[in-house]
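Visitor: below: sequence and its predicted model.
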Protein chains: 2
Amino acid sequence: MSAWLACDWGTTNVRAWRIEAGRAVASASFPFGVSKIGRGDVPLRLEQDIRPALKAEGLPVLLGGMAGSNLGWLAAPYVDCPADTKAIEKGLVQPADRVWIVPGVRTVGQAHGPDVMRGEEVQIFGAPASTVQTGLFCLPGTHAKWVRVEGGKIIDFVTAMTGELYALLSQHSILATVQDPAEPDGFAAGLAASGEGNALSARLFGLRARQLTGSLAEGQSAGFLSGLLIGSDVASSPRLLGLSDDEPVTLIGDPALCAAYGRALAARGRTCQNIDGEAAALAGLISIIEGIAP
Amino acid sequence: MSAWLACDWGTTNVRAWRIEAGRAVASASFPFGVSKIGRGDVPLRLEQDIRPALKAEGLPVLLGGMAGSNLGWLAAPYVDCPADTKAIEKGLVQPADRVWIVPGVRTVGQAHGPDVMRGEEVQIFGAPASTVQTGLFCLPGTHAKWVRVEGGKIIDFVTAMTGELYALLSQHSILATVQDPAEPDGFAAGLAASGEGNALSARLFGLRARQLTGSLAEGQSAGFLSGLLIGSDVASSPRLLGLSDDEPVTLIGDPALCAAYGRALAARGRTCQNIDGEAAALAGLISIIEGIAP
């Protein structure tokens, strides 16, 4: 396998690696997520910034994530669930010579409604082979994904706006706070107040009422908000996939965020293992490159 | 009973009436809600703007709502549930000669956590006597209140941030829209997607997924968002009060918003009656004035 450039193109940032002989020999991050650059500027940023920084001029390129969205280079058609690595490799789109874009995945005909992902499928198939065959995955973040995998196929998934709700509420609402969302006592109180993930609109005002009546200690508002939102997500989102409440969970993502989800899962008596999200993205991209250029 | 000035002091606006012989003879609205004026400016606005506009110089004054909050004239202590009209009259605070402020109400020791109201108690006790003795009230708005009344007493209540969530999500989120939230087909689709008021974070992303997959018609996003949020509120918030799902509901508030809640209640097979919120506030304030100056 020759040298490649691989990018995990996010909404906010881009993570890029130069790959040689199946492993990363250089990496860098760029603030060129699709929400941060002009529409259609993916090829420009790739040529002007990312290739030079990684000394990857002229190398073949694999782009995962939002590069394949209508905000990116072009909208790569979604692969339908159930989706395995072969279907994703078959769905690769070539917008230019020696450039491949990974397609997203969508659910079809599920009772909980349609859903879509772009990038998480690379991380799931990049998880260690011992975990990837069957199970429940959770990829926490701005838009948290709960993903059911069976026999190496993504069967079904649901997305929760948990991280975006935290950002909106902590920045723009009556609950606005600049405190630390990882503060453990507030987080635990928020978890306890999340119930079964029902009545979120009412439980959120409960934070305001606690502030006004002095029943939450100073400095605990952000932790409470985080615990309430994550607790509600953990209690209710995976149930939309029809899975039992004792299914173990494989968390893939930012270690601090995975730790918060792990705490919420543990509070419900659920077990989990954590996989670093960046390592999973890299492994998934390398695996696809090996499929293109064995 | 002599002439009075009565104000329903909200977060955004102030509604004021000159009362003579137990009825309103003049009224006006002012953009002086407590979030719109300087801290401590309630007395200033009252003297400089509201009294002159209603030719109410020198009249005794009754202020309900947020005038009694820490953002208003002074923080009037909350009356504890169960609270009836006598307890509220006993809790009136006099910040100046011939000026009375209505106290708010708070829940005590409820499993769903603490909660508070300021102003809604005036509307509830201002509802026609045939409705006010016993029942479930809903006062939709930025912070919707679900209130359980028994034997003329406010027993328990819960607040849902439903209107604020709509504003946040329609202005600042990935679901941002400037469409009409009353668009009926989108509203119906959102209602249908609200389930039992669980998994709201996931169901919200369902709107984004529907947009991306083309499974929601153009122009229906705002209606869907409104239907989803109101449907979730109606399905789950009153359950926190331990009431059965077939309890009839008395809606008090803005007629258009009450109509939307009425549609969500009807979709769940629940019956309701509507009471105009402004008329209820006026009647409640007059009733309190009659208690002060019989």
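Guide: Okay, I see it. Remember, it's a predicted structure, so these values are computed and weren't measured experimentally.
Visitor: what residues sit buried inside stretch A:145-164?
Guide: Across stretch A:145-164, burial judged by 16 or more other CB atoms under 10 Å in any protein chain shown covers A:145-149, A:153-164. The C-beta positions use only the backbone N, C-alpha and C, and glycine is treated the same way.
Visitor: for that stretch, the distance to its chain's centre please.
Guide: Between the centre of stretch A:145-164 and the centre of its chain there are 10 Å (CA atoms, centre = their mean, to the nearest Å).
Visitor: contacting residues for the nearest residue to A:Asn13 once chain neighbours are set aside?
Guide: Leaving aside its sequence neighbours, A:Asn13 sits nearest to A:Gly33 (CB to CB, 6 or more residues apart in numbering or on different chains; 5.1 Å). Neighbouring residues of A:Gly33 by CB atoms under 8 Å, 6 or more residues apart in numbering or on different chains: A:Trp9, A:Gly10, A:Thr11, A:Thr12, A:Asn13, A:Val14, A:Met66.
Visitor: so is A:Gly33 in a helix, a strand, or just coil?
Guide: The three-state assignment at A:Gly33 reads coil, by DSSP: H, G, I helix; E, B strand; the rest coil.
Visitor: of the contacts of A:Gly33 - the most surrounded one?
Guide: A:Trp9 (30 neighbours; other CB atoms under 10 Å in any protein chain shown).
Visitor: for that one, which non-adjacent residue is spatially closest?
Guide: Here the residue nearest A:Trp9, using CB to CB, 6+ apart, is A:Ala67, at 3.8 Å.
Visitor: looking at this, A:Pro114 is in a helix?
Guide: No. Using three-state DSSP, the secondary structure at A:Pro114 is coil, not a helix.
Visitor: okay, it: pLDDT?
Guide: In this model, A:Pro114 is scored at 96, pLDDT.
Visitor: report the contact partners of the closest residue to A:Ala199 other than its chain neighbours.
Guide: Distances taken as CB to CB, 6+ apart place B:Ser236 nearest to A:Ala199, at 3.9 Å, with adjacent residues excluded. Contacts for B:Ser236 (CB under 8 Å, 6+ apart) come out as A:Asn198, A:Ala199, A:Leu200, A:Ser201, A:Ala202, B:Glu196, B:Gly197, B:Asn198.
Visitor: need the helices for the stretch 1-150 of chain A, in chain order.
Guide: Ranges of helices in the stretch 1-150 of chain A, per DSSP state H, counting those that start in this stretch, are A:42-45, A:51-53, A:85-90, A:120-126, A:129-132.
Visitor: would you turn the ones you listed into CSV with mean pLDDT, distance to B:Asp115 and mean neighbour count?
Guide: Output for those, formatted as CSV (pLDDT from 0 to 100; distance: least, CB to CB, whole Å; neighbours: other CB atoms under 10 Å in any protein chain shown):
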stretch, mean pLDDT, distance to B:Asp115, mean neighbour count
helix A:42-45, 97, 49, 19
helix A:51-53, 98, 54, 14
helix A:85-90, 96, 49, 17
helix A:120-126, 97, 38, 27
helix A:129-132, 79, 43, 13
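Visitor: so which bits of the stretch 51-200 of chain A are right by chain B?
Guide: A:78, A:106, A:112-116, A:143-144, A:146, A:158-162, A:164-165, A:168-169, A:171-174, A:193, A:196-200 (CB under 8 Å from any CB of the partner chain).
Visitor: ok so, going back, which one (most neighbours) among the contacts of B:Ser236?
Guide: Going by other CB under 10 Å, A:Ala202 tops the contacts of B:Ser236 with 31 neighbours.
Visitor: measure it to B:Thr159 for me?
Guide: Distance, A:Ala202 to B:Thr159, by CB to CB, to the nearest Å: 7 Å.
Visitor: also A:Pro31?
Guide: 39 Å.
Visitor: ok, A:Pro95 next?
Guide: 50 Å.
Visitor: quick check: beta-bridge partners of the spatially closest residue to A:Gly119 that is not a sequence neighbour?
Guide: Spatial nearest neighbour of A:Gly119, chain neighbours left out: A:Gly65 (3.3 Å); criterion: CB to CB, 6+ apart. Assessed by DSSP bridges, A:Gly65 has beta-bridge partners A:Trp9.
Visitor: tell me the contacts of A:Gly65?
Guide: Going by CB under 8 Å, 6+ apart, A:Gly65 touches A:Cys7, A:Asp8, A:Trp9, A:Gly10, A:Val102, A:Arg118, A:Gly119, A:Val122.
Visitor: the same query, at a cut-off of 7 Å, please.
Guide: With contacts defined as CB atoms under 7 Å, 6 or more residues apart in numbering or on different chains, A:Gly65 is in contact with A:Asp8, A:Trp9, A:Gly10, A:Arg118, A:Gly119.
Visitor: pLDDT score for it?
Guide: On pLDDT, A:Gly65 comes in at 97.
Visitor: could the helices of the stretch 1-150 of chain A go into CSV alongside distance to A:Gly214?
Guide: Formatted as CSV, the helices of the stretch 1-150 of chain A follow (distance: least, CB to CB, whole Å):
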stretch, distance to A:Gly214
helix A:42-45, 51
helix A:51-53, 52
helix A:85-90, 53
helix A:120-126, 42
helix A:129-132, 46
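Visitor: now the two most distant members of the contacts of A:Gly65.
Guide: A:Asp8 and A:Arg118 (10.5 Å; CB to CB).
Visitor: the residue nearest to A:Trp9 contacts A:Val42, doesn't it?
Guide: Yes. Using CB atoms under 7 Å, A:Ala67 is in contact with A:Val42, at 5.3 Å.
Visitor: next, show the common contact partners of these two.
Guide: Shared contacts of A:Ala67 and A:Val42 (CB under 7 Å, 6+ apart): A:Trp9, A:Trp73.
Visitor: domains of chain A?
Guide: Following the assignment in automatic domain parsing, chain A carries domains at A:1-75, A:160-275.
Visitor: pick the most deeply packed of the ones you listed.
Guide: domain A:160-275 (a mean of 21; mean count of other CB atoms under 10 Å in any protein chain shown).
Visitor: so who does the residue nearest to A:Gly141 when sequence neighbours are not counted touch?
Guide: Spatially, and ignoring its direct neighbours in sequence, A:Gly141 is nearest to A:Gly163 (5.2 Å; CB to CB, 6+ apart). Residues in contact with A:Gly163, defined by CB under 7 Å, 6+ apart, are A:Gly141, A:Thr142, A:His143, A:Ala144.
Visitor: okay if I get the domains of chain A as JSON lines plus distance to B:Gly38?
Guide: Below are the domains of chain A laid out as JSON lines (distance: least, CB to CB, whole Å):
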{"stretch": "domain A:1-75", "distance to B:Gly38": "37"}
{"stretch": "domain A:160-275", "distance to B:Gly38": "19"}
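Visitor: per-residue pLDDT, the closest residue to A:Leu46 other than its chain neighbours?
Guide: In space, and not counting its chain neighbours, A:Leu46 is closest to A:Val61: 6.9 Å by CB to CB, 6+ apart. At A:Val61, the model reports a pLDDT of 98.
Visitor: tell me if I'm right that A:Val61 and A:Trp9 touch.
Guide: No. If you go by CB under 7 Å, A:Val61 and A:Trp9 don't touch, sitting 10.7 Å apart.
Visitor: against A:Leu200, how distant is the residue of chain A most remote from its centre?
Guide: Distance from the C-alpha centroid of chain A, by CA atoms, centre = their mean, peaks at A:Thr213 (36.9 Å). As judged by CB to CB, A:Thr213 and A:Leu200 stand 20 Å apart.
Visitor: likewise for A:Gly219?
Guide: For A:Gly219 relative to A:Leu200 (CB to CB), the value is 23 Å.
Visitor: now swap in A:Ala127 and tell me
Guide: 30 Å.
Visitor: do A:Ser221 as well
Guide: A:Ser221 is 17 Å from A:Leu200, by CB to CB.
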